[in-house]
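Enquirer: sequence first, then the predicted structure:
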Protein chains: 6
Amino acid sequence: MAYALRSAFRKQALLIPFLNAVRGMSSSGGPTPPFTTLSVTRPAEPTTHVEFCRPEKRNAMNKAYWLEMVDCFNQIAQDSECRVVVFSGAGKLFTSGIDPMSMASDILQPEGDDTARISWNLRRVITQYQETFSVIEKCPKPVIVAIHGACIGAGVDLITACDIRLHAGCLEVDIGLAADVGTLQRLPSVIGSRSLVNELAFTARKMYAVEAKSYGLVSRVFPDKETMMAGALEMAGDITRKSPVAVQGTKINLIYSRDHSVPEALNYINTWNMSMLQTQDLMKSAQAAMEKKNLKEVTFSKL
Amino acid sequence: MAYALRSAFRKQALLIPFLNAVRGMSSSGGPTPPFTTLSVTRPAEPTTHVEFCRPEKRNAMNKAYWLEMVDCFNQIAQDSECRVVVFSGAGKLFTSGIDPMSMASDILQPEGDDTARISWNLRRVITQYQETFSVIEKCPKPVIVAIHGACIGAGVDLITACDIRLHAGCLEVDIGLAADVGTLQRLPSVIGSRSLVNELAFTARKMYAVEAKSYGLVSRVFPDKETMMAGALEMAGDITRKSPVAVQGTKINLIYSRDHSVPEALNYINTWNMSMLQTQDLMKSAQAAMEKKNLKEVTFSKL
Amino acid sequence: MAYALRSAFRKQALLIPFLNAVRGMSSSGGPTPPFTTLSVTRPAEPTTHVEFCRPEKRNAMNKAYWLEMVDCFNQIAQDSECRVVVFSGAGKLFTSGIDPMSMASDILQPEGDDTARISWNLRRVITQYQETFSVIEKCPKPVIVAIHGACIGAGVDLITACDIRLHAGCLEVDIGLAADVGTLQRLPSVIGSRSLVNELAFTARKMYAVEAKSYGLVSRVFPDKETMMAGALEMAGDITRKSPVAVQGTKINLIYSRDHSVPEALNYINTWNMSMLQTQDLMKSAQAAMEKKNLKEVTFSKL
Amino acid sequence: MAYALRSAFRKQALLIPFLNAVRGMSSSGGPTPPFTTLSVTRPAEPTTHVEFCRPEKRNAMNKAYWLEMVDCFNQIAQDSECRVVVFSGAGKLFTSGIDPMSMASDILQPEGDDTARISWNLRRVITQYQETFSVIEKCPKPVIVAIHGACIGAGVDLITACDIRLHAGCLEVDIGLAADVGTLQRLPSVIGSRSLVNELAFTARKMYAVEAKSYGLVSRVFPDKETMMAGALEMAGDITRKSPVAVQGTKINLIYSRDHSVPEALNYINTWNMSMLQTQDLMKSAQAAMEKKNLKEVTFSKL
Amino acid sequence: MAYALRSAFRKQALLIPFLNAVRGMSSSGGPTPPFTTLSVTRPAEPTTHVEFCRPEKRNAMNKAYWLEMVDCFNQIAQDSECRVVVFSGAGKLFTSGIDPMSMASDILQPEGDDTARISWNLRRVITQYQETFSVIEKCPKPVIVAIHGACIGAGVDLITACDIRLHAGCLEVDIGLAADVGTLQRLPSVIGSRSLVNELAFTARKMYAVEAKSYGLVSRVFPDKETMMAGALEMAGDITRKSPVAVQGTKINLIYSRDHSVPEALNYINTWNMSMLQTQDLMKSAQAAMEKKNLKEVTFSKL
Amino acid sequence: MAYALRSAFRKQALLIPFLNAVRGMSSSGGPTPPFTTLSVTRPAEPTTHVEFCRPEKRNAMNKAYWLEMVDCFNQIAQDSECRVVVFSGAGKLFTSGIDPMSMASDILQPEGDDTARISWNLRRVITQYQETFSVIEKCPKPVIVAIHGACIGAGVDLITACDIRLHAGCLEVDIGLAADVGTLQRLPSVIGSRSLVNELAFTARKMYAVEAKSYGLVSRVFPDKETMMAGALEMAGDITRKSPVAVQGTKINLIYSRDHSVPEALNYINTWNMSMLQTQDLMKSAQAAMEKKNLKEVTFSKL
């Protein structure tokens, strides 16, 4: 743990340019039209920053949020100018989970003539809630989530659907007891201790950053939000300099692998790569390697 | 590691009431009729304590044990007064695994006119052995296992079928070489290092508590059995104060998730929750939250 | 971490006989005919040592290597004199991954009249590359891989297909960007942090031994290659003294379990063991246990 | 065969009211705004009739068609006034498959800087094509397809995604050679002769109504389109008089069953029905049965 | 069709001894204690005849029936004297499906404090209903079902869980609309026309013997019940003269194949047969073949 | 049935050129070196004819046969000059199944020190037997099997692994009782009556051509072997005139579909076709269609 923290501090010195960039970032700006809960900016080409922007409501997930996430990530999936996404929350904490008002109408007072018809309608609502986070997985661009302050209830559903998790300071991760939309499905494949997964799921206890890192829920811990955002942008920059054919194919195949046996997944990537290896990017990289050029200087066309 | 141990000690001060309860617990009592190897008590409503109670034989698993476990957990599954189970072993160690006498007749001298017929009968025996631990998974109530002293051979099959693993002191976990009834199937999804799983399975070496915790096999380590039992009861208490609809649905869905892809598991919980979200428990919790009441004071009806 | 390193050092004293054996090992010898990239020796009955032996090319994987691995491990799978395999690399580092020359002709300039036919031929090449590492899994004998210096690109594909990973000193593991032949499929089930898997896959950053151990990628770390080789041989020796029926059945069932649900895997081992438990090895072990003899003195016939 | 034809003729006498209704049906009307290729009418509450309406182009599937099908069936899925769908084609034949003009731009001249990027874009097109027919399956209302004249190429992809297939007169079913979007996946589970599936797929030979019926591709054959449309409406009427909770749950579970093992599918319907059996429809049916009333007179509320 | 009927008649002449046996069969006897709905007899060693014996209630499935079926088939599964089962119904028809009285209390008036708890209890009931027919599949002995008169509602769930279906005379098969316990899961793999499966499931129309045979739902049609029972006994006799190791292994592997891919199923039978081919029965058969003896004269020991 | 036979006869007139070609075919020639049981000829470019050529032993499958099939079909898979395979048997019948002599040594007298080791060796033999027929599926070229006289025991395993089944005259298909190597796995997906599959598997009764056709086991019936061979060659000719990219991709995807759910199979063909649709063959076909040329005149380059 100490190692991770020290190495994070040491890196801070090099991050000053990033920190300055961060200071001018979107959190001051508020939601981006037509969104009312999300602010979408482009801090650096071709990185997209999506910020959950209801700080006055502790970033609670309301009806607009459930729909806007789907629109937002579907657009990003189609946007060939974007190669990586950083997701964070505005204000004092990452998210407080489902908005009680939203839940009240959707889940506590569902419509329907009898139990079967109420169930039918509830199923539609849950499907919609699930899609809110599944779009993150369906979007082939890597999504780095930067968690600060607190991440409660449905927030855990959200972060387990992201690809890389970063964490700032000492804070709480708390699995609430409301409608589950992904945690029970994704958390067990996200961390390597089944006993801990069960403990968290049954007791809904808090989990601090140190523990989250030691069990692999997050892969990096930072001392504060500002440093974390700089770290997230730096990591995003590293990813955008790689071939987008390689990066996005990697995400698609990693998610495929999680849900299939190894022989199935080998067969799939085999079929995938029979065309994808015919990219110029591979040739460009090979040439740069032979000319002993820095790979970071190679430019790849967009995807 | 140090963190976990320290926090365990710190908690000990608060655990005095639990420790007193523990002192009066079942281990002095012996098996509960009609069982000869298990003692079943109720230290606190609605927690059930199952204790492996053949201390004079180092809790070796004999013929009676294989059958009694199935009866015992089937009863618990149907018992709406029980919401969580604590499982532990009486005497100096948790369990020494399969009783050599039991194995001798069942496995070393199986009946049958020819190899095919012997195999047929052996398959029946293995099926029965497997069922002994699978009932723990089929029972929808969370099972916390408290391991002390040593856990050898088939004991590892047993603890990997439980939901939450607690560990007391420095002791050995040793995978023996006899009939495997679950370890090879469940251990890989229980801990996060494939290399370690293989090393343990091929070499049957000892594994101490510190290592068990660092790899996530157990999620908490305690200095001694007494403190562990108090910790187990406290955790059980936390779970029993939650909605049994939420807790038991969580167990069923977590096990479903382990064995299915994420999209399959999302579809399943969707279908599950279209009725289960229509519980009054959700309404009660929401109301308590709005009235800023402590959730622990909400009472949920039994399931 | 410190614990692991200290315990490795402490063991070193006992390893002197092994160290002497290691000093006379194959790395001086060069490839074994008919192989040009692999040296196959038998440092101790019934352990086979396979050494990647192109040190002058930093053990880069060339055309001969892809084919020889398949031949070599198919032979080992059939060789009843061999019960365990140690795999290592000769020279300064473990492997530098795919040989650029090999890749140039196979992947950068594939044959074919149109895109479909080029893809068809590329698929054949990738299948062949994949088979190079899949043979390690199909071989029922445990494979211990000893990694030193550096393990780059396709080297990660190689080590994730082995059963037990050992690591010497502080070195780099670097996932390159070329044709993927197993890493995306096997790495997620090998380590317990999905966030880290994604980070490594998207950024191709270096990973040092300490981190590799803490996330479970390797299960033991050693101060230098010599000590590691001695440790590998000692572990191999432990395995060879066990029943080969138990060891090889364990490997087959562990790999089956990784790719199937728990109930499926229980059904499979049930069917497997209805014959395999009828081995004399079980009787011999039981008898030794009853006579309080050391299990290491029991001799099992070959398989 | 003869049996089926005779029984179809015999029924014709009873079908006169339906035939009259058919004569006034939509095929005269042309597409329904905002659609340009589909005409959507409601010949009888709560039956929806969707007619492929490009007779001057032999109902060839053009760009508009691919998108309009998705919109149309998504609307139907949400429309609680609709309980069953009849799908047919206007003009002389059912459909001639993909429009060569549409295919020319989408598939023959795809965009992209290199092969990988062209492939990436093609994959998007195929996904869109596949969705055109998958929406039929995702819509929980039964879809009866009435095929007349000829059904060529992608038409087979279309009809295999429908639930019930009716066929008029002696005509040809011809699997073309273009982009496959469902036939290879669905045909094998639709008919019971693997040898015939392969023969059709490899030789693209014509298949007449008699053969289509004898192998179960269609379940009813009619002498002409008019009679068939009347038969389709009559069957639709039978379905709309049943409980929509039962009918739509049946479709969802039948498709689930096709893609899962029997134990998986039993578990799923178990979870499905724990809420759906709480419908008033079941009570109403039971009551009617006890009062010996005709079940067709029971009215069920919409879903 | 005509072919099948003619061949059935022609065989009748040879069946006189069987017909005489049939005349003395159990249908006159009534239920066998401790069963109240089932009569279990042994018309010929080692064939077991299970007869549904509530003719005065048109063999409606009541509470006792659901439980007795499980007991009965579990006993048969363990009974090494039994090698094949014939299942039929006493009285005028095979079965009228679920008893309205049984359904009323179990399904129409379930217990529970809220919707979730009612759902929980309903799920338990459905599980129990499903088990009633799943025991037929879990029993490794082939089950021949002889259907006469009518088979309504849950009767279709029952017959699809049997291995071989025989049919007498012209009668109706009618899928009702109540709680489904297997038809939607098993019917699609039982017959080869998906369009017909859907038609039957959505319209619940009657299906006559000729159609049932032409679509493969039943494999033989007989002119009347008496001839059918004789045919069933003759077929049972053919099966009991074969090696029980081969017959019961065949059933287990056929059901495994239905639920798995071909490579999975090949792997399973491979593991199954590595012991089962070591049966003396194979040797006995081979010897008889070499000595040109009739295989029917070879005696195999029980299983 | 009558229909099929009549149409077969009617076609015969057109088949005279084929019949003449057939008369000069390989059956007179005997095995082709280096094979001793198979004769491989090329009756017409690019059709390969493989003939089982041990007529004096009734085409019994001996040790050489098991190995030669694997070599033969692996070669065909790599041979870009071959686009389709016709498989038939020389002499009076198609095949009598496993050679008793071969079975005697392999299966009746397996080697090994104890039951486990005998089982281990038997598993190796069964794997090898299974591979003999699985190579037919792994070869991407369509395989038409022409069955005459009789097809006994393992012959059914063989024909179910082929793609298209043709049948001549009235003959017997008899599933024997020896080592199963594919029938139980493939037959259920080959024909559409589960009841019949079970009946055949349990009773091993004969099945005549008429029944085989009516249940879809074979898709065409011919009056005699000569006409059937001509029909097989004609069908082969039809296939070879199609794009090999389309034909071989179709086989690979049809087999993939059999073993996966529909959504899985749609995803796979999507990934497959993103490169395969970039073939010139599609352009050539489209151009010919626009120029109203006969598609049979288009020439496609080899694969």
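Expert: Thanks, I have the structure now.

Enquirer: separation between residue A:167 and residue A:232?
Expert: With distances taken as Cβ to Cβ, to the nearest Å, residue A:167 is found 11 Å from residue A:232. To be clear about C-beta, it is placed using only N, CA and C from the backbone, and glycine gets the same treatment.

Enquirer: now residue A:210
Expert: 20 Å.

Enquirer: ditto for residue A:262
Expert: Distance from residue A:262 to residue A:232, by Cβ to Cβ: 32 Å.

Enquirer: who has more neighbours out of the two?
Expert: The neighbour count for residue A:262 versus residue A:232, taken as other Cβ atoms under 10 Å in any protein chain shown, is higher for residue A:232 (27 against 20).

Enquirer: please see if the helix or strand where the more buried one lies touches chain C.
Expert: Per DSSP states H and E, residue A:232 falls inside helix A:225-240. Yes: in terms of Cβ under 8 Å from any Cβ of the partner chain, part of helix A:225-240 sits within range of chain C, namely A:235, A:238, A:239.

Enquirer: now do the helix or strand just after that helix: which elements does it pack against?
Expert: Later in the chain than helix A:225-240, the nearest helix or strand by DSSP H and E is helix A:244-258. Applying 3 or more Cβ pairs under 8 Å, 6 or more residues apart in numbering or on different chains; DSSP states H and E, we find helix A:244-258 packed against helix A:262-276, helix A:280-290, helix C:183-190, helix C:194-203, helix D:115-138.

Enquirer: mind running it again at 7 Å?
Expert: Contacts defined by 3 or more Cβ pairs under 7 Å, 6 or more residues apart in numbering or on different chains; DSSP states H and E place helix A:244-258 against helix A:262-276, helix C:183-190, helix C:194-203.

Enquirer: residues of the stretch 101-250 of chain A that sit close to chain E?
Expert: Proximity of the stretch 101-250 of chain A to chain E, by Cβ under 7 Å from any Cβ of the partner chain, involves residues residue A:115.

Enquirer: now the stretch 101-250 of chain A against chain F: closest residue?
Expert: For the stretch 101-250 of chain A and chain F, the shortest gap (Cβ to the nearest Cβ) falls at residue A:249, measuring 10.5 Å.

Enquirer: how many neighbours does the closest residue to that residue other than its chain neighbours have?
Expert: With Cβ to Cβ, 6 or more residues apart in numbering or on different chains as the criterion, residue A:249 has its nearest non-adjacent residue at 5.3 Å, and that residue is residue A:276. Neighbour count for residue A:276, taken as other Cβ under 10 Å: 30.

Enquirer: could you do the one 5 residues further on as well?
Expert: Neighbouring residues of residue A:281 were enumerated by other Cβ under 10 Å; the total is 24.

Enquirer: pLDDT value on the closest residue to chain B within chain A, please?
Expert: Proximity to chain B, evaluated over chain A using Cβ to the nearest Cβ, is greatest for residue A:192 at 1.7 Å. If you check residue A:192, the pLDDT there is 87.

Enquirer: number of residues surrounding it?
Expert: When neighbours are counted by other Cβ under 10 Å, residue A:192 registers 26.

Enquirer: pretty sure it sits against residue B:189.
Expert: No: look at residue A:192 against residue B:189 with Cβ atoms under 7 Å: they stay out of range, at 9.6 Å.

Enquirer: my guess is residue A:245 meets residue D:116, correct?
Expert: Yes: applying Cβ under 7 Å as the test, residue A:245 and residue D:116 come out as touching, 4.8 Å apart.

Enquirer: identify the contacts common to the two.
Expert: Contact criterion Cβ atoms under 7 Å, 6 or more residues apart in numbering or on different chains; residues shared by residue A:245 and residue D:116: A:276, A:279.

Enquirer: give the contact list for residue A:58.
Expert: A:93, A:96.

Enquirer: in terms of secondary structure, what does the strand or helix carrying residue A:147 contact?
Expert: In this assignment (DSSP H and E), residue A:147 forms part of strand A:143-152. For strand A:143-152, the elements it packs on are strand A:84-89, helix A:154-160, strand A:164-174, helix A:225-240, judged by 3+ Cβ pairs under 7 Å, 6+ apart.

Enquirer: would you single out the least confident of these?
Expert: Sorting the helices and strands packed on strand A:143-152 by mean pLDDT places strand A:164-174 lowest, at a mean of 80.

Enquirer: up against chain F, what does chain A have?
Expert: A:268, A:271, A:272, A:274, A:275.

Enquirer: might one say that the fourth one is in contact with residue C:123?
Expert: To tie it back to what came earlier, the one meant is residue A:274. Yes: counting by Cβ under 7 Å, residue A:274 touches residue C:123, with 4.1 Å between them.

Enquirer: more crowded one of the two?
Expert: Each of residue A:274 and residue C:123 has its neighbours counted (other Cβ under 10 Å); residue A:274 has more, 28 against 20.

Enquirer: contact partners for the more buried one?
Expert: Per Cβ under 7 Å, 6+ apart, neighbours of residue A:274: C:119, C:122, C:123, C:126, F:275.

Enquirer: let's see that with 6 Å instead.
Expert: Counting by Cβ atoms under 6 Å, 6 or more residues apart in numbering or on different chains, residue A:274 makes contact with C:119, C:122, C:123, F:275.

Enquirer: just give me the closest of those to residue B:54.
Expert: Of all the contacts of residue A:274, residue C:123 has the smallest distance to residue B:54: 59.0 Å, by Cβ to Cβ.

Enquirer: if I look at that closest one, how far off is residue A:273?
Expert: Counting by Cβ to Cβ - residue C:123 and residue A:273 are separated by 8 Å.

Enquirer: per-residue pLDDT, the residue in chain A that chain F sits nearest to?
Expert: Closest approach between chain A and chain F, counting by Cβ to the nearest Cβ: residue A:275, at 3.4 Å. Per-residue pLDDT puts residue A:275 at 93.

Enquirer: same question, residue A:38
Expert: Looking at residue A:38, its pLDDT is 97.

Enquirer: the one 4 residues further on too?
Expert: The predicted local confidence for residue A:42 comes out at a pLDDT of 95.

Enquirer: over to residue A:177?
Expert: For residue A:177, the pLDDT comes out at 50.

Enquirer: one step back: which one (most neighbours) among the residues of chain A next to chain F?
Expert: For these, the largest number of neighbours (other Cβ under 10 Å) sits with residue A:275, at 31 neighbours.

Enquirer: the contacts of residue A:274 into TSV, with extra columns for distance to residue C:91?
Expert: Output for the contacts of residue A:274, formatted as TSV (distance: Cβ to Cβ, whole Å):
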residue	distance to residue C:91
C:119	36
C:122	31
C:123	33
F:275	39
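
Enquirer: near chain D too, which of these?
Expert: With Cβ under 6 Å from any Cβ of the partner chain as the criterion, the contacts of residue A:274 include residue F:275 near chain D.

Enquirer: which one among the contacts of residue A:274 gets closest to chain D?
Expert: Nearest to chain D among the contacts of residue A:274 is residue F:275, at 5.3 Å by Cβ to the nearest Cβ.
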